[in-house]
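In: no sequence for this one, just the structure:
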Ligand code: B1M
């Protein structure tokens, strides 16, 4: 594939990812089969997710748009995964994410997980109703991982503090970021979180900042 054709296809990957089109998967495959560098293809997917993430954060896109974009990106990632596992492409880091114990809400947490994964991070999603020990264990298995906690209930947001304490007891340098509808920057500060974000793209920006 010539450089011009490759550039056009990469731009198309970014655009179609933002639009949540399933055609992204085939485009990614064509690019990789045609010899495009996996990093460039990943960057195009990330660019698409960033576009939709910014629109979502500013109220110009909605949950279904984000879910479609994330699905399109996942389709593309299927073809990129072999390059990650072989070590040809380096991940930006590892993000261990979960909804804290007592809480079963996972739509927002999933959006954050998908957006972070779409930004080139390895994501370990522990699911919902996650006990402190499970976060501690995941950080032990993935040294240097940043932890992300989500909570949607005023009765469970307080459980974030117990998770932070348990994680820091075993991993004193661990970074833990928090988010969810009832969470504020003031609350995050009061429980010793490393950062707070109101939305998925903000979480990506925080991760970049915390691991710079
Ligand atoms: Co629940 N629920 N719910 N619920 N539920 C709320 C949260 C509630 C506000 C509804 C209400 O009363 N108006 C209320 C909480 C009140 C409060 O605590 N002050 C509530 C309640 C009371 C309950 C039950 C107790 C109801 C009952 O059984 N009596 C019960 C609790 C169960 C439990 O968890 N133990 C319950 C159950 C459920 C369902 C299971 C039915 C379902 C969850 C399904 C699921 O998640 N798979 C559900 C739902 C869907 C909701 C509402 C309607 C929608 C939540 C949602 O998904 N929003 C919600 C009311 C509402 O918000 N309108 C409600 C969309 C999602 C994209 O937003 O999760 O905020 P959100 O995520 C955002 C940001 O917060 C941020 O990014 C996301 C995208 O912008 N974000 C992060 C989230 N996590 C982040 C982490 C980060 C960074 C950003 O870094 C790590």
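Out: Received, thanks. Keep in mind that what you see is a predicted model, and the values were worked out from it rather than measured.
In: Can you tell me which residues in this structure are near the ligand?
Out: 63, 102-109, 111-112, 148-150, 152-155, 177-182, 197, 199-200, 203 (CB under 6 Å from any ligand atom). Where C-beta positions appear, they are placed from N, C-alpha and C, glycine not excepted.
In: give me that answer again for 5 Å
Out: 103-108, 111-112, 148, 150, 152-154, 177, 179-181, 197, 199, 203 (CB under 5 Å from any ligand atom).
In: contacts for stretch 155-166?
Out: 100-103, 130, 132-133, 135-136, 147, 149, 151, 176, 178, 180, 182-183, 187, 191-193 (CB atoms under 8 Å, 6 or more residues apart in numbering).
In: Now the buried members of those residues.
Out: 100-103, 130, 132, 135-136, 147, 149, 151, 176, 178, 180, 183, 187, 191, 193 (16 or more other CB atoms under 10 Å).
In: same for the helix ranked longest in the chain, what does it pack against?
Out: If you go by DSSP state H, the chain has its longest helix at helix 63-85. Helices and strands touching helix 63-85, by 3 or more CB pairs under 8 Å, 6 or more residues apart in numbering; DSSP states H and E, are helix 3-19, helix 24-33, helix 38-57, helix 107-118.
In: of all those helices, which lies closest to residue 167?
Out: Checking the helices and strands packed on helix 63-85 against residue 167 by CB to CB gives helix 107-118 as the closest, at 16.9 Å.
In: Which strands or helices does the closest one pack on?
Out: Applying 3+ CB pairs under 8 Å, 6+ apart, we find helix 107-118 packed against helix 38-57, helix 63-85, strand 94-99, strand 122-125, strand 146-150, helix 200-210.
In: now what about it, what contacts it?
Out: Contacts for helix 107-118 (CB under 8 Å, 6+ apart): 17, 45-46, 48-49, 53, 63, 66-67, 69-70, 73-74, 77, 95, 97-99, 123, 125, 128, 148, 150, 152, 179-181, 200-201, 203-204, 207.
In: Centre of the chain to it, how far?
Out: Mean C-alpha position of helix 107-118 versus that of the full chain (CA atoms, centre = their mean, to the nearest Å) differs by 5 Å.
In: what do you get for stretch 43-62?
Out: The answer for stretch 43-62 is 12 Å, by CA atoms, centre = their mean.
In: Just the buried residues of it, please?
Out: 43-53, 55-57, 61.
In: which among the residues you listed gets closest to the ligand?
Out: Closest approach between the buried residues of stretch 43-62 and the ligand, by CB to the nearest ligand atom: residue 56, at 6.6 Å.
In: Tell me who's in contact with the closest residue to the closest one other than its chain neighbours.
Out: In this structure, residue 56 finds its nearest non-sequential neighbour in residue 66, 5.3 Å apart by CB to CB, 6 or more residues apart in numbering. Taking CB under 8 Å, 6+ apart, we find residue 66 in contact with 52, 53, 56, 111, 114, 115, 200.
In: list the contacts for the last one?
Out: Pointing back at residue 200 there. 53, 56, 57, 66, 111, 112, 114, 115, 116.
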